[in-house]
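Participant: just need the structure, nothing else, for what follows:
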Amino acid sequence: MSLVTLRVVAVLALLLLLWNPASSHLLDSGDQPIVLLDASLSMSGAPWRAALDSARRLARERAVVWRFGSGVTAFDTTPPADGATRLGPALEAAAGRAGEVVIVTDGVVDDVASIPADLLRRPRVIITPRPALWDAYVARVEGLRHVTRTDTIRLKVSYGAAGKREAGRGKGTAMLVLTVEGRRLATQSVSLPDSGLLETSITLPASHFPLPGWQVLEVRLDGVRDAEPRDDARLFAIEVSLEPAAVIFAAPPDWDARFLARTLADVARVPVKVFVETEPGRWRDGATLVPVASGELTRAAQSARLVIAMGEPERARAFTNMTRAARVIWPTNGQPGDWYVERPVSSPLTPALAGVLWDSLPPATAVAVAPRDSVQGAVVALTARLVRRGPPRPILTLERRNGTRVATVSAAGLWRWAFRGGAADEAYRSLVAALVDWLLGEQGAGSRQRAVPEALEAPNGLPIVWRWTSSDSARPLGVTLKSGETTRLDTLRFDAAGRAELRLPAGVYHYAIGGGTERGVVAVETYSDEWLPRAPALVPQSGEATARLASVGLRDRWWLFVIAIAALATEWALRRRQGLP
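Facilitator: Numbering: from 1, shown residues only. Reported below is the predicted structural model:
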């Protein structure tokens, strides 16, 4: 009878382990308190010391301390260094644990509006406020990235003030000073607002730059006596070339020429010069509308590596026929209608356009008849159908004429791809980059660059973000960065989205990617949005003590395994003693 009982007990224990029923119970709400410590740059100084004192006091009560800023990290006492304050990821991570949640911050949080209300109600909030101050700052600098020595540089500068101005603190005016490598290039007097932003323009000839190549401009507010000098200057990287690498002749000027010039300078990273024919036979500079003589037009076409004739290309034939540069012929006066571009056929551009969602692109507005001087061996790279019906009409052909690469684009309205943004804008950029790469061959700078920085300047505390641009799979790349006498070796490690981040101290860095021709400059500024006086988005609160329902499976009960093993072992021993099998 005892053997049967032992067998039944063992079998029941094994069945329970296989079934694994779960039981639930409430965890103590006071268990495992979590402290979220704001480690953004705005906490520097006295707020950080006060926050550390609070975190250490709570840590002695068995609290777990996490730092949050641009991300969530383990606790350490190093000074705050993050250039953003994102609380959402830290609250989401803490929501999966029981116990009290305590936030120690100055209250200036960037993503409060996107955090669910139930997550914001739970934590206890301790505010360590920043001292009140008045601050004048340079908010933004915008302008063309690629210019030639004969161009005029126009920079749009946004500057402003925030906080309460003390008596005798600062003046109503200041000086905007533009410098390159410590050399002053321009100075302009500006009026400071009581609060908010103002805009002004700074104009100077590119010939004022000491050397061609990549330069980093500094635009600084001088003559202000504010409490925070680290946001008084912004950096702007610009490339100055002796001659334009690409020249666009637009006759007449239209939206296609405008969007092509902007995208070409961006994706190919070369200086682009635009000439427009505003009246028959009268050409002007596309940026300044200053009249340009025929001799200057001819010299520009002959010195460029890429010449593009748009609108009515024959009106620029006198300048474009004399050059040996690669050419794009782009007539925009064709048969109107909704011409939908189809998936590319086999051509040199097909690999670079593989990821484009062609069915979602806006239609072209017109398609011109193919020019008569195209050769028999032209390769059709793209076709379009009128309202998706009828025979396909070639809209992009590639050919060689007397050893020169020539592309003919016969569709108007492709600028609407870039205007829509999103995936359509990326498709337009991919098309322009692939076309330039094929036209320039070994001289190209488009898709052969394996990785490029998304932005050439990054605020203090934020990384330089690199984007993988080559058609092959992303892989780690070694990069050398030189800043003054210092050389730094690092590795770009790309994620599944083709992005890599590199955190650098404030400074100007000339970079070179190993095993390739990628060269350029990036800059990390002393400026940060964290330095600006801002109203707190969080206020002190006591929070809600919440208990968590925990579920424990029967396999997590160690004693059930002991019962099953003991029953089987005892049954085996009794059978051996009785001489049973």
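
Participant: buried sites along stretch 294-314?
Facilitator: Within stretch 294-314, the residues that qualify as buried by neighbour count (16 or more other C-beta atoms under 10 Å) are 297, 300-313. From N, CA and C alone the C-beta is placed, and that goes for glycine too.

Participant: okay, now Arg145: neighbour count?
Facilitator: Arg145: 15 surrounding residues under other C-beta atoms under 10 Å.

Participant: same question for the one 10 residues further on.
Facilitator: Counted with other C-beta under 10 Å, residues neighbouring Leu155 total 20.

Participant: out of the buried residues of stretch 294-314, name the ones that lie in helices.
Facilitator: The helices, defined by DSSP state H, take in Leu297, Ala300, Ala301, Gln302, Ser303 from the buried residues of stretch 294-314.

Participant: ok, those vs Leu439, which is closest?
Facilitator: Compare each of these with Leu439 using C-beta to C-beta and the shortest gap goes to Ala301, at 14.6 Å.

Participant: and the gap between the closest one and Asn321?
Facilitator: Plainly put, Ala301 is 9 Å away from Asn321 if you go by C-beta to C-beta, to the nearest Å.

Participant: where does the chain have low pLDDT?
Facilitator: Per-residue confidence of the chain (counting by pLDDT under 70) places the weak regions at 1, 24-31, 166-171, 370-376, 442-448, 471, 545-551, 581.

Participant: quick one: the helices in it?
Facilitator: Using DSSP H, the helices of the chain run over residues 2-19, 46-59, 88-94, 117-121, 255-267, 294-303, 317-320, 415-420, 422-440, 558-577.

Participant: out of those helices, which gets nearest to Asn402?
Facilitator: With C-beta to C-beta as the criterion, Asn402 lies closest to helix 317-320 of the helices of the chain, at 13.6 Å.

Participant: from the chain's centroid, how far away is that closest one?
Facilitator: The gap between the average C-alpha position of helix 317-320 and the chain average comes to 39 Å, counting by C-alpha atoms, centre = their mean, to the nearest Å.

Participant: buried ones in that helix?
Facilitator: Neighbour counts over helix 317-320 (16+ other C-beta under 10 Å) mark Phe319, Thr320 as buried.

Participant: just checking, what packs against that helix?
Facilitator: With contacts defined as 3 or more C-beta pairs under 8 Å, 6 or more residues apart in numbering; DSSP states H and E, the packing partners of helix 317-320 are helix 294-303, strand 306-311.

Participant: related to what we said a few turns ago, which among the helices of the chain is found nearest to Val247?
Facilitator: Closest to Val247 of these is helix 294-303 (C-beta to C-beta; 5.0 Å).

Participant: still on that earlier bit, next, format the helices and strands packed on helix 317-320 as TSV and append distance to Glu525.
Facilitator: As requested, the helices and strands packed on helix 317-320 are arranged in TSV below (distance: least, C-beta to C-beta, whole Å):
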stretch	distance to Glu525
helix 294-303	35
strand 306-311	33
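
Participant: of all those, which lies closest to Asp106?
Facilitator: Distances from Asp106 to each of the helices and strands packed on helix 317-320 were compared by C-beta to C-beta, and the smallest falls on strand 306-311, at 51.8 Å.

Participant: ok, the spatially closest residue to Gly337 that is not a sequence neighbour to Ile395 distance?
Facilitator: Computed as C-beta to C-beta, 6 or more residues apart in numbering, the closest residue to Gly337 that is not its neighbour in sequence is Leu386, at 4.9 Å. Leu386 sits 11 Å away from Ile395, going by C-beta to C-beta.

Participant: those two: which has the busier surroundings?
Facilitator: The residue with more neighbours, out of Leu386 and Ile395, is Ile395; 24 against 18, by other C-beta under 10 Å.

Participant: now do the contacts for that one.
Facilitator: Ile395 is in contact with Trp339, Val341, Ala364, Val367, Leu382, Thr383, Ala384, Val409, Ser410, Ala411, counting by C-beta atoms under 8 Å, 6 or more residues apart in numbering.

Participant: before we move on, back to that, what's the overlap in contacts for Leu386 and Ile395?
Facilitator: Trp339, Val367.

Participant: so Gln117 versus Leu91, what's the distance?
Facilitator: Quick fix: residue 117 reads Ala, not Gln. Distance of Ala117 to Leu91, given as C-beta to C-beta: 11 Å.

Participant: no, scratch that, I was asking about Arg557
Facilitator: 33 Å.

Participant: more neighbours: which of those two?
Facilitator: Leu91 (23 against 14).

Participant: does that one touch Ile115 like I think?
Facilitator: Yes. Because the distance of 6.3 Å satisfies C-beta atoms under 8 Å, Leu91 is recorded as touching Ile115.

Participant: could you pull up phi and psi at Gln578?
Facilitator: phi -90, psi 0 (degrees, to the nearest 10).

Participant: that one and Trp572, how far apart?
Facilitator: Using C-beta to C-beta, one obtains 11 Å as the distance from Gln578 to Trp572.

Participant: out of the two, which sits in the busier spot?
Facilitator: Neighbours around Gln578 and Trp572, counted as other C-beta under 10 Å, are more numerous at Trp572. The numbers are 13 against 8.

Participant: looking at the helices and strands packed on helix 317-320, which is nearest to Thr5?
Facilitator: Judging the helices and strands packed on helix 317-320 by C-beta to C-beta, what sits closest to Thr5 is strand 306-311, at 91.7 Å.

Participant: got the angle between that closest one and helix 255-267?
Facilitator: The directions of strand 306-311 and helix 255-267 differ by 160 degrees, with axes from the mean of the first three to the mean of the last three C-alpha atoms, to 10 degrees as the criterion.

Participant: for Glu342, see how far away the residue nearest to Gly337 is.
Facilitator: With C-beta to C-beta as the criterion, Leu386 and Glu342 are 12 Å apart.

Participant: again, but for Glu181
Facilitator: In this structure, Glu181 and Glu342 are 51 Å apart, going by C-beta to C-beta.

Participant: please apply the same query to Thr179.
Facilitator: If you measure Thr179 against Glu342 using C-beta to C-beta, the figure is 52 Å.

Participant: can you check Leu568 too?
Facilitator: Relative to Glu342, Leu568 is positioned 71 Å away (criterion: C-beta to C-beta).

Participant: kindly report the same for Ser70.
Facilitator: As judged by C-beta to C-beta, Ser70 and Glu342 stand 43 Å apart.

Participant: quick one: which of the two has more around it?
Facilitator: Neighbours were tallied for Ser70 and for Glu342 using other C-beta under 10 Å; the higher tally belongs to Ser70 (20 against 16).

Participant: mind listing what Pro33 touches?
Facilitator: With contacts defined as C-beta under 8 Å, 6+ apart, Pro33 is in contact with Leu58, Glu61, Arg62, Ala63, Val64, Gly99, Glu100, Val101, Val102.

Participant: let me see the backbone angles for it.
Facilitator: Torsion angles at Pro33 (phi, psi; degrees, to the nearest 10) stand at phi -60, psi 140.

Participant: name the single longest strand found in this protein.
Facilitator: For the chain, the longest strand by residue count, based on DSSP state E, is strand 389-401.

Participant: for that one, buried residues please.
Facilitator: Within strand 389-401, the residues that qualify as buried are Arg393, Pro394, Ile395, Leu396, Thr397, Leu398, counting by 16+ other C-beta under 10 Å.

Participant: equivalent analysis for stretch 435-442, please.
Facilitator: Neighbour counts using 16+ other C-beta under 10 Å place Leu435, Val436, Asp437, Trp438, Leu439, Leu440 of stretch 435-442 among the buried residues.

Participant: surely the last one and Val307 touch.
Facilitator: No. Contact status for Leu440 versus Val307: not in contact, 11.6 Å apart, counting by C-beta under 8 Å.

Participant: give me the common contacts of those two.
Facilitator: With C-beta under 8 Å, 6+ apart applied, the overlap between the contact sets of Leu440 and Val307 consists of Ala326.

Participant: returning to that earlier point: tell me which of the helices of the chain sits nearest to Ala162.
Facilitator: The minimum distance between Ala162 and those falls on helix 46-59, with 17.5 Å, by C-beta to C-beta.
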